[in-house]
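A.B. asks: next one to model:
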Amino acid sequence: MLVCVKHLVLRALCVFAAFDAACLLDTGMLLPQESSSRELKDLSGLWDFRADKSPSRKQGFESAWFSRRLAESGPVIDMPVPASYNDITQDSTLRDFIGWVWYEREVVVPARWIADEGTRVVLRVGSAHYYSVVWVNGVKVTEHEGGHLPFEAEIGSVIRKDPTVPCRITIAVNNTLTLETLPPGIIQHMDNPKMYPDGYFVQNIYFDFFNYAGIHRPVLLYTTPKAYVDDITVVTDFLDSTGLVMYKVTVQGAATATLKVTLMDKDKHCVASSSGPSGVLKVADVKLWWPYLMHVNPGYLYSMEVRLVAADGKSNYEDVYTLPVGIRTVNVTSTQFLINNKPFYFHGVNKHEDSDIRGKGLDWPLIVKDFNLIKWLGANSFRTSHYPYAEEILQMCDRHGIVVIDECPGVGIKDIRSFKNASLTHHLVVMEELVRRDKNHPSVVMWSVANEPAAEMPPAEYYFKTVIKHTKTLDPTRPVTFITDSNYARDKGAPFVDVICVNSYFSWYHDPGHLEVIPIQLKTQFENWYQKYQKPIIQSEYGADVVPGLHSDPPLMFTEEYQKVVLQNYHDVFDQKRKQYVIGELIWNFADFMTAQGVLRVVGNKKGIFTRQRQPKAAAFILRDRYWKLANETGRLPPWTKFPCSQ
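C.D. replies: Predicted coordinates:
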């Protein structure tokens, strides 16, 4: 047994060394938290707001709106943060606005933060869509490209210049999408004066959800000591009843530091400890992290407390950061997806961060409601279609045992010009930011690098080979996928992924209204993909639009009956193929969501099994019966936790 554990430690350390070598970004992106050494100030609430509606959209920069209070340079309105700005007012020009918008808030910073130069003060924006520039008291402190991941800047030196002045934070956000952004888009100028107003332009996009904009996640001020824990990386493994947690702690602000790393169980009992900046913690009688409905005790989390002590000759510093840790393994074979060496079958949903009024803004009541509905369904997983979701959502997944396919914003890559070097370079940076943020979440079991790109184009093969290889270098512990459509013959990216994820809408976009084609076409799809690549397959999207309350017998498109029959036809084939190489099914979509206006969408996409207000359609009950049946077949549950399908 001792020899086996030593061999396991060596194997795990090799994997961890590869992971460690891949940390390409200069700093960590740990989620801010309060501790004995750290304080946090949430700036959620009302901010002053103005859209720059000048023809060039550059008046704010030309007139230096950031140099004084925003209200002094023109009218402002109240704008909630976090929230998309689009649906907050009755102004239709703001709902569809493209260009720079400006946010501002004055903050009272605690005097002790300013007085103590040994305290770092950091401004963090959880997410702003799409390009952001940030000033504090008129001084530019950072800028960031990308709409779904956090960025931050240390601002202590700025606010200490004049401690009597309130901390004035100005954030300019631009939602313009180009062929080099993720997701891509293109601005089309309408220059015909007989048909369009002077200077008229529109934003064209290649994805089917609304281009909500604004500050979507909380803005925070937080502190750390001058010497602090900058990043933590964990990789886990186990053998029999012994768990292994490989860790590395990165320290900033001190040439040397003393560390104490303590791993505690849920009852706060120490189960392992170390004093090195990196090492292996051995956990006896380990409690593994299991998915929801796969074990009687899903989502088990240990706590890793990292305590740092350092000195610089003038002062002593102590920093404490606690990271939740789930001990589990992920592996893929040619026919199975394994969690903790047990076959795992994805029965789950695709989602959007989308709801009435707040758009993509973080909303705790909505998050908790969605998790209750996911568990009510008997779903064990979801995919973050088509961008990274809030860190708070991933923390919920960790605690509840909901498995996540973590997807980057690479949706709608349809134009050949989006495969050029500038786009590729940005895509690689986005994957670095995503892995850096989410690498320690046990719920995240796979990275998705794109959704339905034009993978048949000649540049796509090199592009996706590079992105997938880079992602595997960043994190060799998780498989990588990208989401393709059903045309296996022209796909250039599939040879490089670990799992094939296929979207198909038979009897909807293909042969609309002809339900009888689903069994034939779906079987053919699976057989073609598996014969060509010999890799496990997830049906990553399928479904049909439904106008709630619309009924027809025999079923017609857009009725609740039609959606039910589509699902039942897909499920019959899933039941045949999941005994072979199909490892999952994710319905499109969990809930209705907003899209751009168009003749194919009646106030949004209606493929949800729940309405946008989270009320069930008939298909929700079909799916619930199925998912609980699958859970009862594949889970490791005692009888008292098994729900009858009729419940």
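A.B. asks: can you tell me the closest non-neighbouring residue to E104?
C.D. replies: The spatially closest residue to E104, leaving aside those adjacent along the chain, is L70, at 4.1 Å (CB to CB, 6 or more residues apart in numbering). Bear in mind the C-beta positions are built from the backbone N, C-alpha and C, glycine included.
A.B. asks: go on, D162?
C.D. replies: Once flanking residues are discounted, D162 sits nearest to N137: 7.7 Å by CB to CB, 6+ apart.
A.B. asks: G493 too?
C.D. replies: Counting by CB to CB, 6+ apart, G493 lies nearest to F464, which is 3.6 Å off, once chain neighbours are set aside.
A.B. asks: for the helix or strand containing that neighbour, packing partners?
C.D. replies: Taking DSSP states H and E as the definition, F464 sits inside helix 458-474. On a contact count with 3 or more CB pairs under 8 Å, 6 or more residues apart in numbering; DSSP states H and E, helix 458-474 meets helix 421-438, strand 444-451, strand 480-485.
A.B. asks: quick check: bridge partners of R601?
C.D. replies: G598 (DSSP bridges).
A.B. asks: all numbers from here: first residue = 27
C.D. replies: In the new count, where the first residue is 27, that last one comes out as R627.
A.B. asks: that one against D618, yeah?
C.D. replies: No: the criterion here is CB atoms under 8 Å, and R627 misses it with D618 at 10.3 Å.
A.B. asks: which one of those two is surrounded by more residues?
C.D. replies: Higher neighbour count among R627 and D618: D618, with 26 against 15, using other CB atoms under 10 Å.
A.B. asks: pLDDT at the more buried one, what is it?
C.D. replies: At D618, the predicted lDDT confidence score is 97.
A.B. asks: neighbours of M330, how many?
C.D. replies: Residue neighbour count, defined by other CB under 10 Å, stands at 22 for M330.
A.B. asks: show me what contacts it?
C.D. replies: M330 is in contact with 258, 260, 271, 273, 287-290, 307, 348-351, counting by CB atoms under 8 Å, 6 or more residues apart in numbering.
A.B. asks: measure it to L349 for me?
C.D. replies: Going from M330 to L349 by CB to CB, to the nearest Å gives 5 Å.
A.B. asks: overlap of the contact sets of the two?
C.D. replies: 258, 260.
A.B. asks: SS state for the residue most central in space within the chain?
C.D. replies: By CA atoms, centre = their mean, the mean C-alpha position of the chain lies nearest to P414, the distance being 2.0 Å. When classified by DSSP: H, G, I helix; E, B strand; the rest coil, P414 comes out as coil.
A.B. asks: try L205
C.D. replies: Going by three-state DSSP: L205 is coil.
A.B. asks: that one contacts F445, correct?
C.D. replies: No: at 9.5 Å, L205 does not count as touching F445 under the criterion of CB under 8 Å.
A.B. asks: so the two - more neighbours on which side?
C.D. replies: F445 (22 against 19).
A.B. asks: for the more buried one, list the residues it contacts.
C.D. replies: F445 neighbours (CB under 8 Å, 6+ apart): 439, 483, 485-486, 489.
A.B. asks: biggest separation within those residues, which pair?
C.D. replies: Spanning the widest gap among the contacts of F445 are I439 and P485, at 10.4 Å by CB to CB.
A.B. asks: without its sequence neighbours, what residue ends up closest to the residue nearest to the centre of the chain?
C.D. replies: Among residues not flanking P414 along the chain, H174 sits closest, at 4.7 Å (CB to CB, 6+ apart).
A.B. asks: I figured that neighbour hits Y413, correct?
C.D. replies: Yes: the criterion here is CB under 8 Å, and H174 meets it with Y413 at 4.2 Å.
A.B. asks: so what sits against both of these two?
C.D. replies: With CB under 8 Å, 6+ apart as the test, H174 and Y413 both reach P435.
A.B. asks: farthest from the middle of this protein: give me that residue.
C.D. replies: Residue farthest from the centre of the chain, counting by CA atoms, centre = their mean, is K220 at 44.4 Å.
A.B. asks: how about low-confidence regions in the chain?
C.D. replies: 27-51, 512-516, 661-673 (pLDDT under 70).
A.B. asks: in it, which spans are helices?
C.D. replies: For the chain, applying DSSP state H gives helices covering 28-47, 85-88, 118-121, 137-141, 182-185, 390-403, 417-426, 447-464, 484-500, 544-559, 586-603, 644-660.
A.B. asks: tell me the spacing between the residue nearest to E130 and E143.
C.D. replies: Taken as CB to CB, the span from L96 to E143 is 30 Å.
A.B. asks: next: R83.
C.D. replies: Distance of R83 to E143, given as CB to CB: 39 Å.
A.B. asks: so these two - more neighbours on which side?
C.D. replies: Comparing R83 with E143 by other CB under 10 Å, the one with more neighbours is R83, at 17 against 12.
A.B. asks: make sure that one is actually in contact with V127.
C.D. replies: No: in this structure, R83 is not within contact of V127 by CB under 8 Å, at 9.6 Å.
A.B. asks: what about Y371, how many residues nearby?
C.D. replies: Per other CB under 10 Å, the neighbour tally for Y371 reads 23.
A.B. asks: what's the closest non-adjacent residue to it?
C.D. replies: Closest residue to Y371 apart from its sequence neighbours, by CB to CB, 6+ apart: T660 at 5.5 Å.
A.B. asks: which residues touch that neighbour?
C.D. replies: 320, 369, 371.
A.B. asks: adding distance to K465, write these out as CSV.
C.D. replies: As requested, the contacts of T660 are arranged in CSV below (distance: CB to CB, whole Å):
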residue, distance to K465
M320, 22
P369, 25
Y371, 25
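A.B. asks: and of those, the nearest to L392?
C.D. replies: Nearest to L392 among the contacts of T660: M320, at 26.2 Å, using CB to CB.
A.B. asks: any idea how far the closest one is from A645?
C.D. replies: Applying CB to CB, the value for M320 to A645 is 24 Å.
A.B. asks: so for the two, which sits in the more crowded spot?
C.D. replies: Neighbours per residue, other CB under 10 Å: of M320 and A645, the larger number sits with A645, 25 against 21.
A.B. asks: one step back: export the helices and strands packed on helix 484-500 as JSON lines, with columns for mean neighbour count and distance to T249.
C.D. replies: Converted to JSON lines, these look like this (neighbours: other CB atoms under 10 Å; distance: least, CB to CB, whole Å):
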{"stretch": "helix 447-464", "mean neighbour count": "20", "distance to T249": "20"}
{"stretch": "strand 470-477", "mean neighbour count": "26", "distance to T249": "28"}
{"stretch": "strand 506-511", "mean neighbour count": "25", "distance to T249": "37"}
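A.B. asks: as CSV, those with distance to S566 would be great.
C.D. replies: What follows is the helices and strands packed on helix 484-500, written out as CSV (distance: least, CB to CB, whole Å):
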stretch, distance to S566
helix 447-464, 18
strand 470-477, 8
strand 506-511, 5
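A.B. asks: out of the ones you listed, nearest to F397?
C.D. replies: Nearest to F397, of all the helices and strands packed on helix 484-500, is strand 470-477, at 16.1 Å by CB to CB.
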